[in-house]
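Novice: 3D, please:
(chains A and B)
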Amino acid sequence: MTDKTVSLPEERRHGSFIKNNLRNYGMLMSLIAIMLFFQVMTGGTLLQPLNLTNLVLQNSYIVIMALGMLLVIVTGHIDLSVGSVAGFVGAVAAVLMVTYKVDYTLAFIACLVLGAAIGAAQGYWVAYFKIPSFIVTLAGMLVFKGLALAVLQGQSLGPFPPTFQKLSSGFIPELLPEAGTLHPTSMLIGAVLALGLVYASARGRAREQLHGIEVEPYAFFLGKSIVLACAVLYATYLIATYRGLPNVLVIMSALIALYGFVTRRTVIGRQIYAVGGNAKAASLSGIKTERLTFLTFVNMGALAALAGLVFAARLNTATPKAGLGFELDVIAACFIGGASAYGGVGRVGGAVVGAMIMGVMNNGMSILGIGIDYQQVIKGLVLLGAVCIDVYNQRR
Amino acid sequence: MTAMLEMRNVSKSFSGVQALRDVNFSVHAGQIHALVGENGAGKSTLMKVLSGVYPAGSYEGTIVFEGEERRFRDINDSEALGIIIIHQELALIPLMSIAENIFLSHPPSKLGVIDRDEVYRRTRELLAQVGLKESPDTLITDLGVGKQQLVEIAKALSKRVRMLILDEPTASLNEADSAALLERLMTFREQGIGSILISHKLNEVARVADHITVLRDGRTVDGIDCRSEPVEEDRIIRSMVNRDLAHRFPERRAKIGEPVLGVENWSVYHPIHPDRQVIKNVNFGVKRGEVVGIAGLMGAGRTEFAMSLFGRSWGTNVSGSIRLEGHEIVLPSVAAAIDAGLAYVTEDRKQLGLILADDVRKNITLASLDQVAPRRVIDDIAELKVASDYRSRMRIRCSDVYQETGQLSGGNQQKVVLSKWLMTDPKVLILDEPTRGIDVGAKYEIYCIINELAEAGRGVVVISSEMPELLGICDRICVMNDGAFVGEFPGTEATQEKIMRAIMRNDRNFGSGTPVAAEMGGSQP
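Specialist: A predicted model of the protein is given here:
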């Protein structure tokens, strides 16, 4: 061990670099493999524009909740109540908009606040009274499942105002003249996004080089950028040839970007990871561990509410069964994405990829006509397998 | 007298790194054989070879025990022959009783039903042998570390013991408990049990060992027969580090300025037993550029005093006044204490100091993220530069600042913790057992850092259970006992005897005090 950085031969550096990064990209590779598998098995149905759009719509609420769940898991806790909370908020939204004819914007905001308040109520016990989150949120799961039934009096309630439905079933407005089936506005946004991503990573790399920091090899960087840009462009192209970008995809992408930024680059994000990594050390470093834990639950509540609204808007009705079992998919997504059950470890990108793996499998297996019974068996095995591989990798 | 154990030409390597080279090591029945060396010298590896943790075939060389060549496949094989190893990290189950722990793996039973009378009878016998008066029903968590160590030994004695291996048994014990434990070793010697003692504390080694073997870089470099030749600590240290440590402590030229921290009438109560006053209306002060030591036995209240000062992070009903640079201040939280210019380096760096799964960089900046995060967004390049800067300044040996702190050696981990607190630019640093479990070379570096801090005009408080260390680095030593200061000596006048006498004279219930450190582990948020 020396203090100076030893410059290795170029080739060896490439080798070690790829090896070090394989773990980060391992789940992404798995997702691609799973997608290719179903693409072949379904005879190309999986990536048809219609199906891809449906895939996004079907999984948006799981992804949205996975963002909040990731933070909860990183602090070393768990939230089992998210499915019930989403269902309950959807029910309240229906009562407000359908029964009481409240303006949809107002109802929307009220529902988000309600979700945050529910999160705060649960987070209070977890953070300040040190009651295990498993127990608090198990209680919450029962309470809000019951309240959803009570609010709806056991009946389904709908339909929602058309504008509210647009939250889930709407697409971004077309501003440019259409060219055949292609929606140019959506395509343009996709192109700008792809360019923006490549530009941002190129700038980051140049900035690191300027400060004499060792960067990834150029060939690797170039390859990564090309693959990334092509993937974004191709996905947008597929979606643009159907009905354009769904509104919910825009919301979801914005949230992913926001949470990715918060976890990687902000003080509060860093502190959340520190609390999960070693709460005692964090609190002796001046971090307000209790308040952070509390806030992650508030955040989770608000996102569960948003997911509940998206789901209700998609079904165009609130049912007492809405949200049933969502928590399992959401938690599975985080763990498949590499979050640690002991806290302190987990990435937003991982949770999103994890949610997509679950989504693609649900969708692909349904197209193949595999019964709901064996679908669950296979999903369970994939979850166990993914976590085993991760644990094995960390031991090496 | 033939040797009970002989290890001949033992070599062992891990993926290219040679951990042991041709080590010859032998222990006689009824001998206390001390094994010393810096961290990473190969002591633990050698013991793992002996106890079968590394099975026969994974190393070269032969092990002869009681006249026969042995090839242990795992730790059960060596235990069956009576080779019992007691690890540094105690392997007791906290919420089980002493009796349950001792007979965890092989309780005396009839037809599969545990014979409780027999368990209790034998536990009492074993506890008497190790000199513990506790009831067999006492939970481990209610015992102090010293007594837990003795329970470990009682557990070893419940099996057929021929050879006892103790890995740093006194690392977390105070003087009295250490003495009691070493006393036990002497009685085992009379019973013909061979003991191997791994220790960093050379004064203890000199006191009890019959033979001392020094390991360095996986080789035996020195052997001292304590019966025929005098034990010179300097010779041992020289062999260990292969450099002449004429001065185990760096030279110190103190330039002491005006008072920087003053504490008056400070009183703290126990968080679980609120009627128990742990710190009893004490006064304390540090000047600029001064290194003040706090000596005392474990449980004297030193850590509790420091933590209560540091934003009331220990205890309830904290009262008293703090003056920092002449201004009276109130520190209701850790964040407030850090802002005011106080830093507290915890005694347990793994549990309380570091986030082991995070890299060096994140650990260094954790307490002062604002410095690298304008508008609460972290500037990763500024952060990297700060971390790299501390890495070279503190000579932290790591592959780069992205290395996990869990992978570093104890000394380097401690330097990471020190970097974290230096980055907060404190006026007063409180270092709690700053060199615990660190090898001789790294200790010297830590002492140098302490000197530099004082020279830069900071006030430094060092809490340590190693008296030679306090005598070597402090300008003034305060002695704490039972929650109060019972003596104070200028560094030049203090001696170990004076300090011990101050403690003993004031200790009314010496040896039976409740171990506060053990309680702390359970009660901290």
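
Novice: Let me see the domain layout of chain B.
Specialist: B:3-240, B:258-510 (the TED database).

Novice: Mind checking the pLDDT average for the first one?
Specialist: So that's domain B:3-240. On average, the pLDDT along domain B:3-240 is 85.

Novice: now do the same end-to-end measure for it.
Specialist: 25 Å (C-alpha to C-alpha, to the nearest Å).

Novice: Check whether that domain comes close enough to chain A to count as a contact.
Specialist: No: using C-beta under 8 Å from any C-beta of the partner chain, domain B:3-240 stays clear of chain A, with a minimum separation of 11.3 Å. Where C-beta positions appear, they are placed from N, C-alpha and C, glycine not excepted.

Novice: With adjacent residues omitted, what lies nearest to residue A:315?
Specialist: Residue nearest to residue A:315 in three dimensions, not counting chain neighbours: residue A:322, with 7.1 Å by C-beta to C-beta, 6 or more residues apart in numbering or on different chains.

Novice: ugh, typo on my part, it should be residue A:326
Specialist: Closest to residue A:326 by C-beta to C-beta, 6+ apart is residue A:83, at 3.5 Å.

Novice: Residue B:162 now?
Specialist: Excluding its sequence neighbours, the residue lying closest to residue B:162 (C-beta to C-beta, 6+ apart) is residue B:82, at 3.3 Å.

Novice: Can you classify the most centrally placed residue in chain A by secondary structure?
Specialist: For chain A, the residue nearest the mean C-alpha position is residue A:63 (3.0 Å; C-alpha atoms, centre = their mean). Assigned state for residue A:63: helix (three-state reduction, DSSP: H, G, I helix; E, B strand; the rest coil).

Novice: wouldn't it be in contact with residue A:256 here?
Specialist: Yes: taking contacts as C-beta atoms under 8 Å, residue A:63 lies within contact range of residue A:256: 7.3 Å.

Novice: Let me see the contact set for residue B:371.
Specialist: With contact set as C-beta atoms under 8 Å, 6 or more residues apart in numbering or on different chains, residue B:371 has these partners: B:365, B:386, B:423.

Novice: my bad, should have said residue A:57
Specialist: Residues in contact with residue A:57, defined by C-beta under 8 Å, 6+ apart, are A:168-169, A:246, A:248, A:314.

Novice: Try it again at 7 Å.
Specialist: Contact partners of residue A:57, counting by C-beta atoms under 7 Å, 6 or more residues apart in numbering or on different chains, are A:168, A:246, A:248, A:314.

Novice: Ok, residue B:274 next?
Specialist: Contacts of residue B:274 by C-beta under 7 Å, 6+ apart are B:316-317.

Novice: same thing but 10 Å
Specialist: B:315-317 (C-beta atoms under 10 Å, 6 or more residues apart in numbering or on different chains).

Novice: Next: residue A:286.
Specialist: With C-beta under 10 Å, 6+ apart, residue A:286 has these contacts: A:271, B:310-311, B:313, B:333-339, B:366-369, B:424.

Novice: at 7 Å instead, please
Specialist: By C-beta under 7 Å, 6+ apart, the contact set of residue A:286 is B:334-335, B:338, B:367.

Novice: Likewise for residue A:133?
Specialist: Neighbour list for residue A:133: A:77-79, A:126 [criterion: C-beta under 7 Å, 6+ apart].

Novice: Could I get the phi/psi values of it?
Specialist: With angles defined as degrees, to the nearest 10, residue A:133 sits at phi -60, psi -30.

Novice: helix, strand or coil for the spatially closest residue to it that is not a sequence neighbour?
Specialist: Leaving aside its sequence neighbours, residue A:133 sits nearest to residue A:77 (C-beta to C-beta, 6+ apart; 3.8 Å). Following three-state DSSP, residue A:77 is assigned to coil.

Novice: Residue numbers of the stretch 201-350 of chain A in contact with chain B?
Specialist: A:207-208, A:211, A:213, A:265-268, A:270, A:274, A:277-278, A:280-281, A:283-286, A:288, A:344-345 (C-beta under 7 Å from any C-beta of the partner chain).

Novice: at 8 Å instead, please
Specialist: So the stretch 201-350 of chain A meets chain B at A:207-208, A:211, A:213, A:265-268, A:270-271, A:273-274, A:277-290, A:344-345 (C-beta under 8 Å from any C-beta).

Novice: Now, these that are in helices?
Specialist: Under the assignment DSSP state H, these contribute A:207-208, A:265, A:267-268, A:270-271, A:273-274, A:277, A:279-283, A:289-290 to helices.

Novice: what bridges to residue B:295?
Specialist: For residue B:295, the beta-bridge partners under DSSP bridges are residue B:479.

Novice: so residue B:220 sits right up against residue B:20, yeah?
Specialist: No: between residue B:220 and residue B:20 there is no contact under C-beta under 8 Å: 9.6 Å.

Novice: With neighbour numbers in mind, choose between the two.
Specialist: residue B:20 (27 against 20; other C-beta atoms under 10 Å in any protein chain shown).

Novice: Check what contacts the helix or strand encompassing residue B:385 and list those residues.
Specialist: Secondary structure assignment for residue B:385, by DSSP states H and E: helix B:380-393. With C-beta under 8 Å, 6+ apart as the test, helix B:380-393 has contacts from A:3, A:207-208, A:211, A:213, A:265, B:360-361, B:364-365, B:371-372, B:396, B:398, B:401, B:419, B:422-423.

Novice: again, but for stretch A:333-346
Specialist: A:27, A:62-63, A:66, A:69-70, A:73-77, A:273-278, A:347, A:349-355, A:357-358, A:382-383, A:386-387, A:390, B:355, B:357-358.

Novice: Kindly report the same for stretch B:350-358.
Specialist: For stretch B:350-358, using C-beta under 8 Å, 6+ apart, the contacting residues are A:273-274, A:277-278, A:280-282, A:284, A:344-345, B:345-346, B:362-363, B:366, B:404-406, B:413, B:416-417, B:521, B:524.

Novice: make it 6 Å
Specialist: The contact list for stretch B:350-358 (C-beta atoms under 6 Å, 6 or more residues apart in numbering or on different chains) reads A:274, A:277-278, A:280-281, A:284, A:344, B:346, B:363, B:405-406, B:417.
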